[in-house]
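Asks: got a sequence here, can you build the structure:
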Amino acid sequence: MEQTDRTENKREQIIETLKTKSALLQHIFDNTQQVFCQLKEILQEYAVEVNDRLEGNTDKRVKMEYRDRGKFEAQLQMAGDILIFSMHTNVFQFERENIIWQNSYVKQDKQNAYCGVINIYNFLADSFKYNRSADEGYLVARIFINRDFQYMVEGKRQVAFRHDRFGQGAITPEALTEIIENTMAYTLDFDLLVPPYDTVKLVTVDQMNTKIENSKLQTGKRLGYQFRSDDV
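Replies: Numbering: from 1, shown residues only. From the prediction side, this is the model:
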């Protein structure tokens, strides 16, 4: 009898989890996907507007090009740079040491800290053009969206969207536009630096043959750069 009771209690716990937590995570996924669709619309319109203002520019290579890569990815090419906007298909909880737990909105209900994530990466356009698979991209920002459409942004030049603002306003097209513009401004200022001599002084025959074919020696912006969530 006791074994039957324990089994029934466990079953009830599983059912309750499915009704609450699993439903919550699905709701957050839907919110994140809705925001990502808005973001893609803004990117497309932004590229059209910028290209209109660049009309008559002497160098036709200086332009923006938007590419929709499916439900969970979009690209924005800005001359020699590419920004990749990638929505993760999972919902996340913050680690215990994260400063977000000091936020009053999260203290009010820990379920507010469950978030979907949209990552923004910076790559060199030539990395894709010449299929340089060893080239590195850099995470320049990530957007967190919760069940109430409250949001937070970690990344470069995203000062207005730090953890202490989480819970003070739902994300809007205007906020998305500002996030995008901050990310683009940082990317355009984020220069490609010559790597240290000692890191490139030795080259294998295979690397050289590959380079002759497709210019595939590894290239990336600022060798050793790392994303830090507190470096805003």
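Asks: going forward, measure contacts and count neighbours with C-alpha atoms only.
Replies: Noted.
Asks: contacts for the lengthiest strand in the chain next, please.
Replies: In terms of residue count, the longest strand belonging to the chain (DSSP state E) is strand 81-92. Contacts of strand 81-92 from elsewhere in the structure, counted by Cα atoms under 8 Å, 6 or more residues apart in numbering, are 25, 28-29, 32-33, 36, 72-77, 114-125, 184, 187-188.
Asks: ok, stretch 169-185 next?
Replies: The contact list for stretch 169-185 (Cα under 8 Å, 6+ apart) reads 38-39, 42, 83, 140-141, 148-151, 156-158.
Asks: which one of those is nearest K201?
Replies: Proximity of the contacts of stretch 169-185 to K201 (Cα to Cα) peaks at V140, which lies at 29.3 Å.
Asks: what angle sits between the helix or strand encompassing that closest one and strand 81-92?
Replies: Using DSSP states H and E, the element containing V140 is strand 138-145. Here strand 138-145 runs at 40 degrees with respect to strand 81-92, directions being taken by axes from the mean of the first three to the mean of the last three Cα atoms, to 10 degrees.
Asks: and the next helix-or-strand element following strand 138-145 with strand 138-145, angle?
Replies: Proceeding C-terminally, strand 138-145 gives way to strand 151-155 as the next helix or strand, assigned by DSSP H and E. Angle, strand 151-155 to strand 138-145, by the same axes, to 10 degrees: 170 degrees.
Asks: fine, thanks again, bye for now.
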